[in-house]
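>>> the following block contains a protein sequence and its predicted model.
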Amino acid sequence: MCTSAHGDFGGFFSVVADKPGGGSSQASANLIEELAIANRILFREGVVDGFGHVSVRSDADPSRYLLARNMAPALVTPDDIVEFDLDSQPLNANGRGVYLERFIHGEIYRRRPDVIAVVHSHSQAVVPFGIVKTAKFRAVCHMSSFLPICTPVFEIRDSEGEENDLLITSNKLGVALAEKLGDGSCVLMRGHGSTVVGSSVREAVFRAVYTEVNAKLQAEAMRMGEVTYLGEGELKKATKTIGSQINRAWDFWRMRAEGKI
Ligand code: MN
C-alpha cells in the first residue's frame, strides 16, 4: 500500500494510493488558503526550509486533516493541499507524493481532539535541546509562555531500537510521538526536530515561530550564566493574554511572506 521510494528517489518521498471511496474534500476554501499561507510564513520566518510541514484539521470533518503534498513549504499553493484520514491515508492525492512523516499529524489529531493544527519542523536552534541531556527546554520569555514547564523529548530508540532513520514513518511511531507530546503544546524529537500544536493554524504557526525564538534566547542565556525560567503561574497567565494577540503577528508575517513589506 505504501511505496516508499527511499534510495531510488533520494528519500522523503512516498506515493500512496488514495483511500477507496474516500470521497472528495469538503473543507472550506478559506481553510485551505490559510494553510497554504501558513506554509509560506513558516519558511519566511525560518522555521522550515526544504523540509518540515504544517497541517490543519478539516473544518468539515474532524476525522480528516489537510496537509500539502510532498514539496518544500515555501512553494505550497492551495492546489497542493491533500486531505487525509486519521490513519494518514490520502483521499485525493491522485498519484502525487505525500510526506513520509504525515503520521505525526494523523496520530496527534486522533489523540488530541483539542488540536486543530500541527507544525513539524527541524528548526535549528531547537535541535540541540533534544540532544543535550542536561539542557531542559523551557520558556524564558513571555512570548513563548505556551511551552510546557518541562518540554518532553521523544526518543525514537524507545520504539524502534538502534536501527532507525529518526523519521516518524508509521502509525505506530505517530502514536508514540503523540503519547510523548501528552497534553502539552510542544515535543522535541531527539536528533531530528520538534512538533508543536495549536487550536488554530495561526496559533500553531505562532507557537512554531516562538519555539525557535525561545531556543535561541535560552541557549544564549545559558552561555551567560544561571537562567531564570518562567514559572507555572506566569506560563498560564501570559499564554492567555498573549494568545489574544496572535492575529497581529499573523497579518505582519503574511505581508512579509508575500513580499509586500
Ligand atoms: Mn522531520
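Now that the structure is in, tell me what you want to look at. Numbers count the residues shown, from 1 in each chain.
>>> which residues touch the host helix or strand of Tyr109?
Taking DSSP states H and E as the criterion, Tyr109 maps to helix 103-111. Residues outside helix 103-111 that contact it (Cβ atoms under 8 Å, 6 or more residues apart in numbering) are 53, 55, 57, 62, 65, 67, 84-88, 115, 118, 120, 168-171, 173-175, 177-179, 181, 195, 197. Backbone N, C-alpha and C define where each C-beta goes, glycine included.
>>> what's the first helix or strand after that helix?
Remark: after helix 103-111, the chain's next helix or strand is strand 117-121, criterion DSSP H and E.
>>> now the angle from that following strand to helix 103-111?
Interaxial angle of strand 117-121 relative to helix 103-111 (axes from the mean of the first three to the mean of the last three Cα atoms, to 10 degrees): 150 degrees.
>>> pull the longest helix from the chain.
Using DSSP state H, we find that the single longest helix of the chain is helix 201-224.
>>> list the buried residues of that helix.
The neighbour-count check on helix 201-224 (16 or more other Cβ atoms under 10 Å) flags 201-219 as buried.
>>> likewise stretch 39-47?
Counting neighbours by 16+ other Cβ under 10 Å, one finds that the buried residues in stretch 39-47 are Asn39, Arg40, Ile41, Leu42, Phe43, Arg44, Glu45, Val47.
>>> how about these in TSV, adding distance to Thr241?
Formatted as TSV, the buried residues of stretch 39-47 follow (distance: Cβ to Cβ, whole Å):
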residue	distance to Thr241
Asn39	28
Arg40	28
Ile41	23
Leu42	24
Phe43	28
Arg44	26
Glu45	22
Val47	23
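>>> which ones among those residues map onto helices?
Per DSSP H, these map to helices at Asn39, Arg40, Ile41, Leu42, Phe43, Arg44.
>>> state the pair within the residues you listed that is farthest apart.
Within these, Asn39 and Arg44 form the most distant pair, 9.9 Å apart (Cβ to Cβ).
>>> what do these two both touch?
In contact with both Asn39 and Arg44: Ala74, using Cβ under 8 Å, 6+ apart.
>>> count of neighbours near Arg190?
Neighbourhood size, Arg190 [other Cβ atoms under 10 Å]: 17.
>>> and the nearest residue to it once chain neighbours are set aside, how close does it get to Glu179?
The shortest distance from Arg190 to any non-neighbouring residue, by Cβ to Cβ, 6 or more residues apart in numbering, is to Gly130 (4.7 Å). Gly130 sits 17 Å away from Glu179 when distances are taken as Cβ to Cβ, to the nearest Å.
>>> cool, and Asn94?
Taken as Cβ to Cβ, the span from Asn94 to Glu179 is 33 Å.
>>> just Asp49 next, same as before
Relative to Glu179, and taking Cβ to Cβ, Asp49 is found at 28 Å.
>>> please apply the same query to Leu42.
25 Å.
>>> quick one: the helices in this structure?
Under the criterion DSSP H, helices of the chain are mapped to 29-44, 103-111, 127-131, 157-160, 171-181, 201-224, 232-243, 246-257.
>>> now do the last one: distance to the chain's middle.
Read that as helix 246-257. In terms of Cα atoms, centre = their mean, to the nearest Å, the centre of helix 246-257 is set 18 Å apart from its chain centre.
>>> now it against helix 29-44, angle please.
Using the same axes, to 10 degrees: helix 246-257 against helix 29-44 is 70 degrees.
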